[in-house]
Structure formats: C-alpha cells, structure tokens
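Asks: Generate a structure from the sequence data that follows.
(one chain, ligands or ions: 1)
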Amino acid sequence: MTDDRALETEATELLRTLIRNACVNDGTPASGHEDRNADALEAYLAGAGLGFERHVAAPGRASLITRIEGSDKTAPSLLLMGHTDVVPVNPSGWERDPFGAEVVDGVVWGRGATDMLHITSTMAVAVRRLATSGFHPRGTLIYLAVADEEAGGTYGASFLTREKFDAVKADYVITESGGVPIPAPSGVKLPVTVGEKGVNWRRLVVKGTPGHGSMPFRTDNALVTAAEVVRRVATYQPKARILDEWRRYVAELELAPELEAALTDPDRVLEAVGHLEPLGLARLAHACTHTTFSPNVVHGGSKINVIPDHITIDIDVRALPGVSPLDVDAMLKEAVGDLASRVEIEAPRGQEGSRTSMDTPLVEALARVTQALVPGSKIIPRLTGGATDARYFRWKGVPSYGFALHSRRIPYTEYPLMFHGNNERVDTESLRLSATMWEALCRDFLA
Ligand SMILES: [Zn+2]
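Replies: Numbering: from 1, shown residues only. Here you go, the predicted structure:
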C-alpha cells in the first residue's frame, strides 16, 4: 500500500512538471519547445543506469529515447511512446490555470493531463522502476518521448520513422489513447485503440466574377456559390462501411439487440444515429462508420461593395481505413455535384487511415495484465477518428496500439470533451494504475 502511494505521488509529480513546462505546439516550427520536457524526463530518469539519445529535428524540437536492451535478439521488442507537446488553450474557458498543474481532491488539472502527458509520465515511471530493479528482459524495451504529435509529427514521429528508424523500430508499439473503462452489464470493458481514420484536409477554391456590390442582379458571386457548396458538403453522406473493429466494439457495449443490429448495418446505421442518445455515442457511431466531411474555415471577399471572385473553403475530411486520398477527392466531386466545374480541389494533407490486428501476443499480455489489475475487465477493440503517431508505425507494418489504464472516477463520457478542450484533468489513481500496468506489461511481455 505504501509503495502504491509512493508510486502515485511519483507519477503525479512528474506529470505536474510536464504540464508546467507548457510545451504548447501551435503548428508553427518555432513553437512546442519540447526540449523542456525532454530535459525534465532525462533528469527524472537519470541515475537509474539508463543511457539517453536525443533526436532534434528542428531547434527546440527534441525527442528523447532510452532503452533497456534485451538479452535475446529473437524475443519481441516493445516501444512505449508518449508525446511531450500539448495543444494551445483558451484560458477563459478553464476553471483552473491550464498550466498550473494544481492537484485538487486527487485530480491533476492542466493541458496535457489527458492528451497525453499522463501516459508519457507513467511510462517513464515504469521504465525507471524497471531499470532500478535490475530488470534484464529477453526482449528490448524502448521508451520514446516524442515531439510534435499535435501538428502531425513533422518534427517527431514522421521524422523519426523516416530518418532514424533504427533508433525507434520495435516489434510492437503502444501510445495514446484508450483504457478508459466502459461499464457494461457483464463487467468493465477496456478499449484498446487498434485503428484510426486518415486525415485528409482539402481546400476548395470557388471562382466567380468580380462586380459592383450595388448591382448584384445576375452576377456570378463566388460567395453565393460557396454557400451552396458548403451546404452540399455538410449534408453529404457517403455510404456507410462497417469495419470488423466497429462490429466487435458495438457487440461489447451490450446494447439492446435491435440497436446493435442497426448500428452494424450499413443500410440502417445513418438512420439509427440520427436519434441516438447520448449524443457522444451518436457522433462516435457516425464517425466510425463513415468518411466524414466538416467544412471548418472560409476565406474570401475583400470589400463590402465588391462582389467576390474567389472564396476558399477548408474541409476537414476523415477517411475510413481503406479509403484513399483519391477516393476522398471523388467523394468531394460527388458532393458538390453540378457545381464541380466551379470548384478546384487542393490537398494540403492526404493520408490513409491505419489498422492493427487485435490478435497478437502483445494484446494477449495486455489482457492478462489488465485482468489482474481490474478483475472482471475485458479488452475490446476501438477505432478513433483522431490521428496519433501510431499511424507512422502501422504504415510500416508494426502493430501499434493506443492504451493506458484509467480508474472509473472520471466517467468515460467525459473524456471526449477534455481532448483539446477545457478543464483537461486526470485523477491520480489513474496515474498509479497506468504506471503499475506498464511495469507489469513489460515484465510479462518482455521477460
Ligand atoms: Zn495526443
């Protein structure tokens, strides 16, 4: 018990340090400053007999690696990967200082508490414990505190998997996110993320003919055309696809049989999510069964008395695994219909989704370890609409998962609101559970 408390305190204090370092990544190369968290983690891990490696893709954008080398080159290796950057905040929406890392009644508040410094810190705590206890595994353990996840990994996972793959390659990878318990009649379900959608950002350029705003009759106003384009894209619904991961996830929720059938039927799922409560489940069900299109930014117009000839619309498209960037362009053309000739499609980012099998020795080990820590629990597959660094490894054929272990103190319905949102926080019991789980998993899987 005392050791549990010491572990909880150690993980909590490390997480607070990482939050206070405020490695805010706003997408510009000069932001992030992840070297601050790399320094903090190296200082924390120092003295345990570990060596360190740094890879710096741009000034300030440091990623830190440490490893416990295995004795058997044929034994499977494991990479524990946590990102060290966080997204910007709007402090006015927060009840507490987003970078104060206050602990209130056993809950740590701050940007990164759930995305994903709680994992980065608890993985480090487990690695330190393993190293100081003289852990000599057969399989190699690698810990990577990686920069720039929040802006797509250009200075982090993308760079490392492309330029420095020898430093980070492993047989299995675990990173964010998952492990928030979902209560179900037969027991708690622990989702492990096994796939994610492809981020496809598109810019639609709508052309018109300039003219005087005082005489709008029969003019070719690009903004008026763009309004119709936005309406069509926002209401467009490509045909649903039911992936096996979604089918397995829904079955584990133990819903009413009729609802389960509707949510896993490509012909009925859209109708079913139309009136499904809670809203969070409806959005998730829609996103896991459809390629989605969200028009989020519009630019154009120059002066109130000038009819605009040029409007741009930025659309966040998230493609189901198996839907290529070319498929996305074809869907957009279909969505805008007879206005297609008025619209040019630019593609700032087009990426495939990614998937990993649930049926691997690592997931078996994860199931053993979590069942010991949370009796009666069951690991279930989960798809995410968000993008994580796991995709760079999945694209290279490395089975990669999103997981951590949370207590039931903060309900699972609360988590989607905290990612990139206000009042991000995590309870310290979850930190203890995750740190314990990482250590047990390494002892089980790598020994
Ligand atoms: Zn994250």
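
Asks: going forward, measure contacts between C-alpha atoms and count neighbours the same way
Replies: OK.

Asks: for the record, mean pLDDT for stretch 323-331?
Replies: Average pLDDT, stretch 323-331: 96.

Asks: so how many other residues sit close to the residue in the chain that the ion sits nearest to?
Replies: Nearest residue of the chain to the ion: residue 115, at 4.4 Å (CA to the ion). Neighbourhood size, residue 115 [other CA atoms under 10 Å]: 26.

Asks: That one touches residue 82, doesn't it?
Replies: No. Between residue 115 and residue 82 there is no contact under CA atoms under 8 Å: 9.6 Å.

Asks: Now do the shared contacts for these two.
Replies: Common contacts of residue 115 and residue 82 (CA atoms under 8 Å, 6 or more residues apart in numbering): residue 176.

Asks: contacting residues around stretch 18-34?
Replies: 36-37, 40, 58-63, 84-88, 99-101, 110-113, 117, 121, 147-148, 150-151.

Asks: Can you list the buried residues in the lowest-mean-pLDDT helix or strand in the chain?
Replies: Among the helices and strands of the chain, helix 415-418 carries the lowest confidence by mean pLDDT, DSSP states H and E, at a mean of 84. Of all the residues in helix 415-418, those buried under the rule 16 or more other CA atoms under 10 Å are 415, 418.

Asks: just stretch 370-383 next, same as before
Replies: Quick answer for stretch 370-383 (16+ other CA under 10 Å): 370, 373, 374, 377, 378, 379, 380, 381, 382, 383.

Asks: Likewise for stretch 148-168?
Replies: For stretch 148-168, by 16+ other CA under 10 Å, it's 148-161, 167-168.

Asks: Just these: which are in helices?
Replies: Applying DSSP state H to the buried residues of stretch 148-168, the entries found in helices are 157, 158, 159, 160, 161, 167, 168.

Asks: Contacts only, for the last one.
Replies: Contacts for residue 168 were tallied using CA under 8 Å, 6+ apart; they are 79, 142, 144, 160, 161.

Asks: Just to check, residue 83 is in contact with residue 149?
Replies: Yes. With contacts counted by CA under 8 Å, residue 83 reaches residue 149, the gap being 6.0 Å.

Asks: picking that back up, taking the ones in helices among the buried residues of stretch 148-168 together, which two end up most distant?
Replies: 158 and 167 (13.1 Å; CA to CA).

Asks: low-confidence ranges in the chain?
Replies: 1 (pLDDT under 70).

Asks: please redo it, this time with the cut-off set to 90
Replies: Low-confidence segments of the chain (pLDDT under 90): 1-2, 277-281, 347-350, 385-386, 411-419.

Asks: Quick check: residues of it near the ion?
Replies: Those residues of the chain that sit near the ion, judged by CA under 5 Å from the ion, are 115, 116.

Asks: spatially speaking, which residue is in the middle of the chain?
Replies: Nearest to the geometric centre of the chain sits residue 388, at 4.1 Å (CA atoms, centre = their mean).

Asks: Spit out the contact partners of it.
Replies: Counting by CA under 8 Å, 6+ apart, residue 388 makes contact with 149, 152, 176, 196.

Asks: and the residue of the chain closest to the ion, what does it touch?
Replies: Going by CA under 8 Å, 6+ apart, the list of residues near residue 115 reads 86, 176, 419, 420.

Asks: So what are the sheet partners of the helix or strand hosting residue 317 and their directions?
Replies: Assessed by DSSP states H and E, residue 317 sits inside strand 310-319. Sheet partners assigned to strand 310-319 using DSSP bridges are listed as strand 198-207 (antiparallel), strand 292-300 (antiparallel).

Asks: which one of those strands has the most crowded surroundings?
Replies: Burial of the strands paired with strand 310-319 is given as mean neighbour count (mean count of other CA atoms under 10 Å); strand 198-207 ranks first at a mean of 22.

Asks: Check the offset of the helix or strand following that strand from the chain's centre.
Replies: Where DSSP H and E defines the elements, the next helix or strand beyond strand 198-207 is strand 211-212. For strand 211-212, the separation from the chain centroid amounts to 46 Å (computed by CA atoms, centre = their mean, to the nearest Å).

Asks: And for stretch 7-14?
Replies: Worked out by CA atoms, centre = their mean, stretch 7-14 lies 24 Å from the chain centre.

Asks: Go ahead and confirm residue 212 touches residue 307.
Replies: Yes. Contact criterion CA under 8 Å: residue 212 and residue 307 qualify, at 5.9 Å.

Asks: how about stretch 128-142: buried residues?
Replies: Neighbour-count burial for stretch 128-142 flags 128, 129, 130, 131, 135, 136, 137, 138, 139, 140, 141, 142 (criterion: 16+ other CA under 10 Å).

Asks: What of stretch 31-41?
Replies: By neighbour count on 16+ other CA under 10 Å, the buried set for stretch 31-41 is 31, 32, 33, 34, 35, 36, 37, 38, 40, 41.

Asks: and if you look at stretch 247-255?
Replies: 247, 249, 250, 251, 252, 253.

Asks: could you dump that stretch to CSV, C-alpha only?
Replies: C-alpha atoms of stretch 247-255 as CSV (Å, rounded to 0.1, in the frame of the first residue of the first chain):
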residue,chain,number,x,y,z
ARG,A,247,-18.7,-4.6,-35.1
ARG,A,248,-16.7,-6.0,-32.2
TYR,A,249,-16.8,-2.8,-30.3
VAL,A,250,-20.6,-2.5,-30.6
ALA,A,251,-21.1,-6.1,-29.6
GLU,A,252,-19.1,-5.4,-26.4
LEU,A,253,-21.2,-2.5,-25.4
GLU,A,254,-24.0,-5.0,-24.7
LEU,A,255,-26.7,-2.7,-26.1
